Every structure is written in C-alpha cells, then in structure tokens.
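Engineer: Could you look at this predicted model? Sequence included:
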Amino acid sequence: MPLYNRLKEYRSRLGVNQQEMGRLVGTSRQTISQIERGDYSPSVTLALKIARVCEVSVEDIFTYEEDEESE
C-alpha cells in the first residue's frame, strides 16, 4: 500500500495512547493501531480529524507514493 504515515510519531508528541487518540478523533483504538501499522488507510474525513487534533496538515502525517511499475 503506497500510503505511509507518521501517526505514531505525532501521537507520541501529543502524549496520548492509541485509545485516547481514537477517542479524540471518533474512532477505535484498533483503527488507530491499523493506521499506524499501514494496514488501513483512513477516510479523508478521518485523516483531516487526525491532522486537526495533531495541529498539523494532513500531508505532515500522511504521504502517498505511487507504485513504480517495471517496464
């Protein structure tokens, strides 16, 4: 999956655990864990909520990189 994130880093800066981050953005601890592991790509709405809570832009947390195709 080409969506990378720095959510764990920003969550740590806030001093909150996954449970608390989930509560702050209206989702579960499991969803936060899956996002951090790269197993789940958040919706645009959830990504915006996470960025707002972290007081940064979405691009500061999430990075999309195209898969390079071999020719």
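Structural biologist: On my side now, so go ahead. Residues are numbered from 1 along each chain as shown.

Engineer: Show me the longest helix that occurs in this protein.
Structural biologist: Among the elements of the chain assigned as helix by DSSP state H, the one spanning the most residues is helix 44-54.

Engineer: and that helix, how far out from the chain's middle?
Structural biologist: Remark: helix 44-54 is offset 8 Å from the chain centroid, using C-alpha atoms, centre = their mean, to the nearest Å.

Engineer: Residue 19: what's its closest spatial neighbour, skipping adjacent residues?
Structural biologist: residue 29 (4.4 Å; C-beta to C-beta, 6 or more residues apart in numbering). Yep, even glycine has a C-beta here, placed from its N, CA and C like the rest.

Engineer: residues near residue 51, how many?
Structural biologist: 19 (other C-beta atoms under 10 Å).

Engineer: so who does it touch?
Structural biologist: Residues in contact with residue 51 (C-beta atoms under 8 Å, 6 or more residues apart in numbering) are 57, 58, 60, 61.

Engineer: can you tell me which residues contact the closest residue to it other than its chain neighbours?
Structural biologist: Spatially, and ignoring its direct neighbours in sequence, residue 51 is nearest to residue 58 (4.5 Å; C-beta to C-beta, 6+ apart). Contact analysis of residue 58 by C-beta under 8 Å, 6+ apart lists 47, 48, 50, 51.

Engineer: before we move on, back to that, and the longest helix of the chain, average pLDDT?
Structural biologist: Helix 44-54 shows a mean pLDDT of 98.

Engineer: what about the helices in this protein?
Structural biologist: For the chain, applying DSSP H gives helices covering 7-14, 18-25, 29-37, 44-54, 58-61.

Engineer: And the first one, what's buried?
Structural biologist: Of the residues in helix 7-14, those scored as buried under the neighbour-count criterion (16 or more other C-beta atoms under 10 Å) are 7, 8, 10, 11.
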